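[1] build me a structure from this.
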Amino acid sequence: MDVSFIIIELMLMALLFVVAKIGVKIVSNKWRLLYAAPSFVTIIMVLLGGFDLYHIGVYAAAFLQIFCLFLGNDSGDEKSVKPKRILAVASTFMILISLALVLFAPDYKKMSFYEDFKTAFNTMKEHYVLTEEKGIEWDELYAKYDPLFKEVDKSQDYVENYKLWLQFTGEFYDGHVGYEPGDEGLWRNAFCRLYGNDYGLCLARLSTGEYVAVNVEGYDNSYSVLNDEHDEFGYYSVKEKFLSKSAEQDRLTLKNAGIKNGTVITKWNGRPVEEYFEDIKYYIEQYPVRENEEFYLPMYVAGIGNGMEYGETYVPGETLKSKSGATISENPTVDITYINEKGEEKEVTAPSLGIYVMRMKNTMNKIDNGVNITNLDWQKVNDDTYLIRISQMAYDQETYSGSDYTKMTDELREDILDLKSKGVKNMIIDIRSNSGGSPYFVEGIAQLLAPKGEHLTYYNAEINEKTATYERGVDGKYKMGVPSGYEGEDLWHDGQIILLVNAITVSAGDDMTYMLGEFPNVKVMGLTRSNSSCQAVTGVSLENGDISFSAVPNLLPNGEIAIDTYTDHVGRTPFDEKIPFTTELITSIFDKGEDYILDYAANSF
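    Numbering: from 1, shown residues only. Here you go, the predicted model:
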């Protein structure tokens, strides 16, 4: 885009050189508009791309042409021709200098990866509120990541830059610490290259300890590399770039070998699956709770090819220099050792079908996503049981930024009383993969179900207005401020409630788990615990993206930080029953397309 604008400016200068002569023969004030054109084009250039020192020649050239507006086009005076042409030539040289800088200067459009890191690091060091609870050693973090970001700043490798941000933010074990790249096109390309290649299956671990294949290519309900209708992140728009040329003929390799959903996998490239766990350096999501992290670990292993490191992704037509020393210039493979239907251990070599991240994300969605109905909608499960889906803690745009959720609470009160009048005894509240939102929304629901009386939720922390920081007392805890609370109505005291959660139930989703989980008639259950990230968040804009982190403490009545995990990575929200990950679950989800978790919850009443 920059080069296009510069060429337009050069063309204008050539035109103005000619017009300098024509303007004295055909006298008209309209010629002045042409001399204003370079400034007009420059303004558009700045508005679209921002001010850039490398374009200083273009800016100066446009400024010079302003003088020509006052050199008498209406006089017919030949004396004005020469100075106008001199200014046109001078402007042309200035523009050519900018063009040379844009085309040949090594630092032009250099992405400031290292400066971004320093800005984010220094801001977080000053304002991150869980330093003590998470055991963050800032000097050690800086010593580890400073040289890595310096190196990626030199190489200008945006894929490696994104990997570094995922690793850095992962050090905090905090669901509210995250990095989002600014350029959507670069981000999508990087995201596709971060998790290895797709060998036709994902891995999961049964509650009994065995590793099994899930979401296997070639089966009706499984993710297919040939399907571009439901891929996330606009992957379908770049699919051909990453798809293996032989994917269509290779895609049934595992099915033909007898591998199906639930087949036990004993080795991956000749190694036990768990041996790869220490190689997994970053994730798609944040898993502050260790047992949640362990649940997802096998899924990340399935993208690692033979002779390749975690995260290395081969793209057809390119050459990959693996950190293991291998040069990969053709489609990679993986050796999968499995137990066939006869109980025999067999091995099959599976070629890459493309990139792995889409099958892995599809697998996570099949396991984690809640009921696919509108937020705050009710659904009948059976005569005794109704479900309400809460996918985000938001009612409408008008109330989201405020604290008054009276309208929502009034509507839900009517719904609950209506269900009671119909003899409904059981309620399932589905907050699986709830992305969070307003804590006042949570209180607006909690008050309907809480035992009668006053309920305190959190205290805020006192802020030092001079330093804009939250200070701790001599006991190491933040100084407590004003509490938040509500009055319980106990509308469902004769009925039972199951709260469905998972590791992606985060922020205000954690708030709801904490509040409702303490009620005597509520059972919290899921395949995994809620995320355990509760503090209020702030964001910092960087040159090439944005970083978010926990910046405002929420305190329990005893002064401790609410909900977030400590250095032991143990979840601190209520969790009453962990649903077993079984072959029955795999068949239900991956072969039949059923919501096994919802059915399990309904049957458990």
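[2] start to end distance for stretch 495-505?
    End-to-end distance for stretch 495-505, by Cα to Cα, to the nearest Å: 24 Å.
[3] when you give positions from now on, start the count at 503
    Yes, from this point I'll number from 503; that puts the last item at stretch 997-1007.
[4] report the distance from it to the chain centre.
    23 Å (Cα atoms, centre = their mean, to the nearest Å).
[5] repeat for stretch 873-891
    Worked out by Cα atoms, centre = their mean, stretch 873-891 lies 28 Å from the chain centre.
[6] what's that stretch in contact with?
    For stretch 873-891, the surrounding residues in contact (Cβ atoms under 8 Å, 6 or more residues apart in numbering) are 872, 892-894, 896-897, 910, 914, 917, 921, 925-932, 1097, 1100, 1104, 1107. All C-beta spots, glycine's among them, are computed from the backbone N, C-alpha and C.
[7] per-residue confidence for residue 621?
    Here, the pLDDT recorded for residue 621 equals 97.
[8] go on, residue 837?
    98.
[9] what's the answer for residue 529, then?
    Reported pLDDT for residue 529: 63.
[10] repeat for the one 4 residues further on
    Turning to residue 533, the model gives it a pLDDT of 68.
[11] likewise for the one 10 residues further on?
    We note a pLDDT of 84 for residue 543 in this prediction.
[12] tell me, how many residues neighbour it?
    Neighbour count of residue 543, defined by other Cβ atoms under 10 Å: 18.
[13] how much space separates it from residue 599?
    17 Å (Cβ to Cβ, to the nearest Å).
[14] if we can go back for a sec, I'd like to know which of the contacts of stretch 873-891 are buried.
    872, 892-894, 896-897, 910, 914, 921, 926, 928-932, 1097, 1100, 1104, 1107 (16 or more other Cβ atoms under 10 Å).
[15] hey, where'd the helices end up in the stretch 653-802 of the chain?
    Counting by DSSP state H, counting those that start in this stretch, the stretch 653-802 of the chain has helices at residues 660-672, 686-694, 741-744, 749-752, 755-758, 792-803.
[16] show me what the third one is packed against.
    In other words, helix 741-744. On a contact count with 3 or more Cβ pairs under 8 Å, 6 or more residues apart in numbering; DSSP states H and E, helix 741-744 meets strand 856-857.
[17] what strands line up against the strand it packs on, and which way round?
    Applying DSSP bridges, strand 856-857 is found paired with strand 699-700 (antiparallel).
[18] near residue 625, how many other residues are there?
    With other Cβ under 10 Å as criterion, residue 625 counts 16.
[19] where among the helices of the stretch 653-802 of the chain is average confidence lowest?
    helix 741-744 (a mean of 82).
[20] for that one, which outside residues touch it?
    694, 730, 733, 817-818, 856-857.
[21] at 10 Å what do you get?
    Residues from elsewhere that reach helix 741-744 (Cβ atoms under 10 Å, 6 or more residues apart in numbering): 691, 694-695, 699-700, 727-730, 733, 737, 815-820, 854-860.
[22] need the pLDDT of residue 591.
    86.
[23] over to the one 4 residues further on?
    Turning to residue 595, the model gives it a pLDDT of 85.
[24] name the helix or strand for it, please.
    In the assignment (DSSP states H and E), residue 595 maps to helix 583-606.
[25] go on, residue 850?
    strand 847-853.
[26] can you give the contact residues for that strand?
    Contacts for strand 847-853 (Cβ under 10 Å, 6+ apart): 699-703, 719, 746, 748-749, 751-753, 755-756, 758-761, 765-766, 768-769, 771-772, 807-808, 832-842.
[27] same thing but 6 Å
    The contact list for strand 847-853 (Cβ atoms under 6 Å, 6 or more residues apart in numbering) reads 701-702, 752, 755-756, 759, 833, 835-842.
[28] cool, and stretch 1002-1019?
    677, 789, 794, 870, 895, 932-936, 938-939, 941, 944, 948, 1001, 1024, 1026, 1028, 1030, 1032-1033, 1035-1036, 1065, 1075-1076, 1103.
[29] for ChimeraX, what selects the buried ones among those residues?
    Buried members of those, defined by 16+ other Cβ under 10 Å, are picked up in ChimeraX with:
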select :677,789,794,870,895,932,933,934,935,936,938,939,941,944,948,1001,1024,1026,1028,1030,1032,1033,1035,1036,1065,1075,1076,1103
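[30] just the contacts of stretch 1002-1019: which are in helices?
    Counting by DSSP state H, the part of the contacts of stretch 1002-1019 found in helices is 794, 870, 941, 944, 948, 1103.
[31] closest to residue 553 out of these?
    Within the ones in helices among the contacts of stretch 1002-1019, the smallest distance to residue 553 is 40.3 Å, found for residue 941 (Cβ to Cβ).
[32] give the buried residues for the helix or strand of the chain with the lowest mean pLDDT.
    For the chain, counting by mean pLDDT, DSSP states H and E, helix 899-902 ranks last in confidence among helices and strands (a mean of 72). By 16+ other Cβ under 10 Å, the buried positions in helix 899-902 come out as residue 901.
[33] starting at the chain centroid, how far to it?
    Worked out by Cα atoms, centre = their mean, helix 899-902 lies 24 Å from the chain centre.
[34] got the CA coordinates for the next helix or strand after it in CSV?
    Elements were assigned by DSSP H and E; along the chain past helix 899-902, the next helix or strand is helix 908-923. Provided in CSV are the C-alpha atoms of helix 908-923 (Å, rounded to 0.1, in the frame of the first residue of the first chain):
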residue,chain,number,x,y,z
THR,A,908,-32.9,-6.1,37.9
LYS,A,909,-34.7,-6.7,34.6
MET,A,910,-32.8,-10.0,34.0
THR,A,911,-33.4,-11.1,37.6
ASP,A,912,-37.1,-10.3,37.4
GLU,A,913,-37.4,-12.4,34.2
LEU,A,914,-35.6,-15.3,35.6
ARG,A,915,-37.6,-15.2,38.8
GLU,A,916,-40.8,-15.6,36.8
ASP,A,917,-39.2,-18.5,34.9
ILE,A,918,-38.1,-20.3,38.0
LEU,A,919,-41.5,-19.8,39.8
ASP,A,920,-43.2,-21.1,36.6
LEU,A,921,-41.1,-24.2,36.6
LYS,A,922,-41.8,-24.9,40.2
SER,A,923,-45.6,-24.6,39.6
